[in-house]
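# this one's sequence-less:
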Ligand SMILES: Nc1nc2c(c(=O)[nH]1)N[C@H]1C(S)=C(S)[C@@H](COP(=O)(O)OP(=O)(O)OC[C@H]3O[C@@H](n4cnc5c(N)ncnc54)[C@H](O)[C@@H]3O)O[C@H]1N2
Ligand code: MOO
């Protein structure tokens, strides 16, 4: 049979852009604020109202005319006449005249005539509404109308992740429904005859399906809707049937069966009966990663090695799902890092007092070092990293 041509040994940037093209910006849907946590905003959000909605007091105390209170001190208090009260939700409707004051509470509208606040800790209340000020009132304790924002101000740009503070901001700005990007629907499938469900008896050579649980969690973190297709044995026909069942999803993520082995059936299936966009990336770990299509469904074949599958997710899938760049910082190396031939390497790193050192075991089968590592250290082909050199470091959490 004649195989269609596909890209091989591509760069990390090329692989990232190919995966990104599979997941363009999704449609918009509206959700209530309590459904919006962790979602991505589909369009920028403007305030519908001002916050605060009136000029108000920042403290519990009295509102007065600053002029009248300037000379107040503990030794020589200034006495004002209390003429009423302004509560949050129930403003004082009159005017505060010279020598007068109004009891006021945090968030209550400042009555007209008053321009400053004296807190209750600096007051003494006498008979018949007399109020003695032991310190001058302060303009700084007045919160001007719209101090936070006014109607029409942009509150949030399109694409941001809705943290609790951002949801609170949107509600403060008058929104009862938020436009968010539809969740990506991602189907997950592990492959391999040796792969077993958690907790079942294990024969030598068999392995628990840890990749599925790592990948599921990563998809969850990225806000994707996960459809778990379980586990497929090493059989092209079985795999084909499962891939058929994944129609309607935005992406199918598989683990295993993409390298050079005789039983690497994911690779065979897509090459012989589907389409391959690229196979093999100049990357370590994650070299054998494959992107293809099956009846219109995009399929990203992650390598089966436990570290490789999770690292490739971080590098290719997370940015495409979230629309965010990789989170990198510059750190100094505490020890030398090796390059990986013509591949760009992402080594698991250990933080040591603000510097980063390689974990001793970097094999793609050693999951413990990935579980410990909070960072991945990027080393480009030919880069000779010595202790003290600055490095690009990818943050994992
Ligand atoms: N001759 C060559 N052999 C290999 C090459 C190569 O270039 N030439 N590449 C190596 C690299 S790099 C990787 S990565 C692996 C990728 O292999 P596959 O994607 O084909 O994965 P499998 O062979 O199916 O499994 C590899 C390894 O991972 C374990 N595994 C598989 N699935 C799971 C799972 N769901 N949970 C946990 N562990 C899993 C599996 O038991 C194997 O130990 O190929 C190298 N070989
Ligand atoms: O690239 Mo493989 O992913 O090192 O083990």
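Here it is on my side, so go on. On a predicted model such as this, the values are computed, not experimentally measured, just so you know. Ligands and ions are numbered 1, 2, ... in the order given.
# so which residues of this structure form helices?
12-22, 66-69, 164-172, 210-221, 236-244, 265-273, 306-312, 318-322, 367-372 (DSSP state H).
# buried deepest among the ones you listed, which one?
When neighbours are counted by mean count of other CB atoms under 10 Å, the highest per-stretch mean among the helices of the chain falls to helix 306-312, a mean of 26. In this view, the C-beta of every residue, glycine as well, is placed from N, C-alpha and C.
# which stretches of the stretch 1-150 of the chain have low pLDDT?
Residues of the stretch 1-150 of the chain meeting the criterion pLDDT under 70: 1-3.
# if we use 50, what do you get?
Along the stretch 1-150 of the chain, no part satisfies pLDDT under 50.
# what's the burial count for the residue in it that ligand 1 sits nearest to?
Residue nearest to ligand 1 within the stretch 1-150 of the chain: residue 9 (11.0 Å; CB to the nearest ligand atom). Neighbour count for residue 9, taken as other CB atoms under 10 Å: 14.
# residues in contact with it?
280-282 (CB atoms under 8 Å, 6 or more residues apart in numbering).
# go again using 10 Å as the cut-off
The neighbourhood of residue 9, defined by CB atoms under 10 Å, 6 or more residues apart in numbering, consists of 278-283, 287, 342-343.
# if we can go back for a sec, for ligand 2, which of the helices of the chain is the nearest?
The nearest among the helices of the chain, by CB to the nearest ligand atom, is helix 306-312 at 2.9 Å.
# and that closest one, what other elements does it pack with?
With contacts taken as 3 or more CB pairs under 10 Å, 6 or more residues apart in numbering; DSSP states H and E, helix 306-312 sits against helix 12-22, helix 210-221, strand 251-255, strand 283-284, strand 297-302, strand 344-352, helix 367-372.
# rerun that using 7 Å as the cut-off
With contacts defined as 3 or more CB pairs under 7 Å, 6 or more residues apart in numbering; DSSP states H and E, the packing partners of helix 306-312 are helix 210-221, strand 297-302, helix 367-372.
# closest one to residue 246 among those?
strand 297-302 (5.8 Å; CB to CB).
# pairing partners for the closest one, with directions?
strand 251-255 (parallel), strand 290-294 (antiparallel) (DSSP bridges).
# which outside residues touch that strand?
By CB atoms under 7 Å, 6 or more residues apart in numbering, the residues outside strand 297-302 that reach it are 19, 22, 243, 246-247, 249, 251-255, 258, 266-267, 270, 289-293, 308-309, 312-313, 317.
# repeat for stretch 59-73
57, 78, 80, 86, 96, 98-99, 101-106, 110-111, 113-120, 123, 131, 133-137, 139, 141.
# in strands, which of these fall?
57, 78, 80, 86, 101-104, 116-119, 123, 131, 133 (DSSP state E).
# measure the closest residue to residue 49 other than its chain neighbours to residue 106 for me?
Counting by CB to CB, 6 or more residues apart in numbering, residue 49 lies nearest to residue 174, which is 4.2 Å off, once chain neighbours are set aside. Using CB to CB, to the nearest Å, one obtains 22 Å as the distance from residue 174 to residue 106.
# tell me the buried residues within the contacts of stretch 59-73.
Neighbour counting with 16 or more other CB atoms under 10 Å marks 57, 78, 80, 86, 96, 101-105, 110-111, 113-119, 123, 131, 133-137, 141 as buried within the contacts of stretch 59-73.
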